[in-house]
Structure formats: C-alpha cells, structure tokens
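# heads up, no residue letters with this:
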Ligand SMILES: Nc1ncnc2c1ncn2[C@@H]1O[C@H](COP(=O)(O)OP(=O)(O)OP(=O)(O)O)[C@@H](O)[C@H]1O
Ligand SMILES: CC(C)(CO)[C@@H](O)C(=O)NCCC(=O)O
Ligand SMILES: [K+]
C-alpha cells in the first residue's frame, strides 16, 4: 500500500491505496502534518511501501513533511516536480516552474480522462481554472480567492461582519437574497464562485464550441455543482495526475 498526499494551502488530503489496482483503502483531510501522521499511523494493518506527494507549500515545509513521513513510516516520499511537458500536455506558462503543481497535476489528470479539450475548475482556498486544448496545449488559467479567502477578507476588513461556522452552514440552505449578515455574506460568496465557474465555461465555449469536458474539483466543488450541470465532479483529480507524474511500482 502507498500513501498519497495533496498538500494544499489550508489542508492536506491523504489516501492510502493498493498500488497494483489503485483500490482506495482509506483517506481523509487534516489541517496539520502531525494530524496526518496520527491518522495514518492509527490505521490498523497498513504497511506502507511508498509515498507520493504533491505540494503547493514552500520547499522547506514540504521537506519537513517528507522527513516526518520517513521517520514515522520508513518510506522515502516522492515529490512531484514541475515539467515542461508530460503525458501529452504542454505546460502553458512562460516559466513552467511557476505553475502551481496542484493545477498542473489536475490538468494532466483531466486531459487523461477527457482525451480531448478540457476545462478544470478547482475550488479550494483559491479558486482556479485551467484550459487544455485537444492537442494537449495547456493554454493557461485563472486564480481567484476561493470561499475561505473571500469570507475571511470580509470578516477581517469590516467591523460588523461576524458570525460562527454553524450559522454559515445553515445560511447555505438557500441562495435567496440574505435577510441576515451571515446569509448575505455566505450566499454572496457562493454566487461569486458560481459566477467564476460560469465565466470559465463561456471562455471554453468561445475557444472550443461545445467540444470540451468540464471537470470540477476541490473542497468547495459542491457549492457550484448546480451552476455547472455538465461538469464531471472528480474530487480526486489531483491524485489522478499525481499517479501519472510519480509512478510507483
Ligand atoms: N472535510 C472537509 N474538511 C475541510 N474542508 C472542507 C471539507 N469539505 C469541504 N471543505 C471545504 O473545502 C475548502 C478547501 O478546499 P481544498 O481542501 O480543496 O483546499 P486546499 O487544497 O487547502 O486549497 P488550494 O487547493 O487552493 O490550495 C474549504 O472552503 C472547506 O469549506
Ligand atoms: C494558486 C495556488 C495557491 C492554488 O493552490 C497554487 O496553485 C499555487 O501556489 N500556484 C503558484 C502560482 C501559479 O500557479 O501561478
Ligand atoms: K489543492
């Protein structure tokens, strides 16, 4: 079994899979390196033979996580690195090393699954969109604040926007105009995300007509699912690309 990690800016998503058939044994989402090691160590009957990591954190933070994993599980983690070209996809950035690895791997995974032009919308701490043409050319993309950043900017830079997580969740039962602060903010931010997603669709249509696949991923994908009914929701899209970039067998 191998451990797969997607280290985002706020959370680490992890999975333990059987390497031969990619069957998922277990998985979770944690907010610290220590919590990760604790959760994986608590799995009964798991013997890891390898580990692969994609990280958008600093090199120091990623190295520290690899050291912790080596110590806890006696495996040397393989870290995915930028490439100018991989699996038929050509990185569209002027400086290919600057493209976020989560975006790059999601684009690889999407192109592999779509076998044609695709749009990836990834809604996490940041909202990202990436475009890959039918010939594998990555055309670039967009980065915006995601739901957590929009929310926290409003809370930080205003005096009278204050509410707790439980009421935030309740507020999203509907998207009607808000009749309280929490409803107004939470629903407003969801509409921003949906607007982002719809605008990316318009871009894709302008480029490719109707001949493309839309992928939706990231922790906040459910919030825009209904606004983009044609999208394939693939929560593990980054892991699909990670397996391609770091084969372990
Ligand atoms: N079980 C969960 N734990 C934490 N966040 C969750 C969970 N389910 C959904 N979310 C939502 O997912 C969002 C974070 O998404 P994600 O985990 O994709 O972010 P990230 O990987 O840290 O960010 P990024 O990909 O931009 O670096 C949060 O806004 C949170 O509301
Ligand atoms: C945009 C984020 C923060 C999203 O996780 C990540 O992909 C990243 O750090 N990217 C580097 C900047 C870029 O992609 O242009
Ligand atoms: K991520």
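Great, that's in hand. Keep in mind that what you see is a predicted model, and the values were worked out from it rather than measured. Ligands and ions are numbered 1, 2, ... in the order given.

# can you pull the contacts of the residue of the chain found nearest ligand 3?
Of all residues in the chain, the one sitting closest to ligand 3 is residue 8 (3.4 Å; C-beta to the ion). The C-beta positions use only the backbone N, C-alpha and C, and glycine is treated the same way. Residue 8 sits next to 56, 102, 124-125 when contact means C-beta atoms under 8 Å, 6 or more residues apart in numbering.

# restrict those residues to those near ligand 3?
Among the contacts of residue 8, proximity to ligand 3 is found for 102, 124 (C-beta under 5 Å from the ion).

# between the contacts of residue 8, which has the most around it?
Of the contacts of residue 8, residue 102 is surrounded by the most neighbours, 26 neighbours in total, counting by other C-beta atoms under 10 Å.

# the strand or helix carrying that one packs against which elements?
Using DSSP states H and E, residue 102 falls within helix 101-114. Counting contacts by 3 or more C-beta pairs under 8 Å, 6 or more residues apart in numbering; DSSP states H and E, helix 101-114 packs against strand 50-55, strand 89-90, strand 118-123, strand 126-132, strand 138-145, strand 213-217, helix 237-245.

# quick check: mean pLDDT of the shortest one?
Confidence over strand 89-90 (mean pLDDT, whole number) is 98.

# what's next to that strand, contact-wise?
With C-beta under 8 Å, 6+ apart as the test, strand 89-90 has contacts from 84, 107-108, 111, 132, 136-138.

# and this protein, what are its domains?
What the TED database lists as the domains of the chain is 1-78, 91-144+186-236.

# could you report the pLDDT at the residue nearest the centre of the chain?
The geometric centre of the chain, computed from its C-alpha atoms, lies nearest to residue 218 (C-alpha atoms, centre = their mean), at 4.1 Å. If you check residue 218, the pLDDT there is 97.

# top helix in the chain by residue count?
Ranked by residue count and defined by DSSP state H, the top helix of the chain is helix 181-208.
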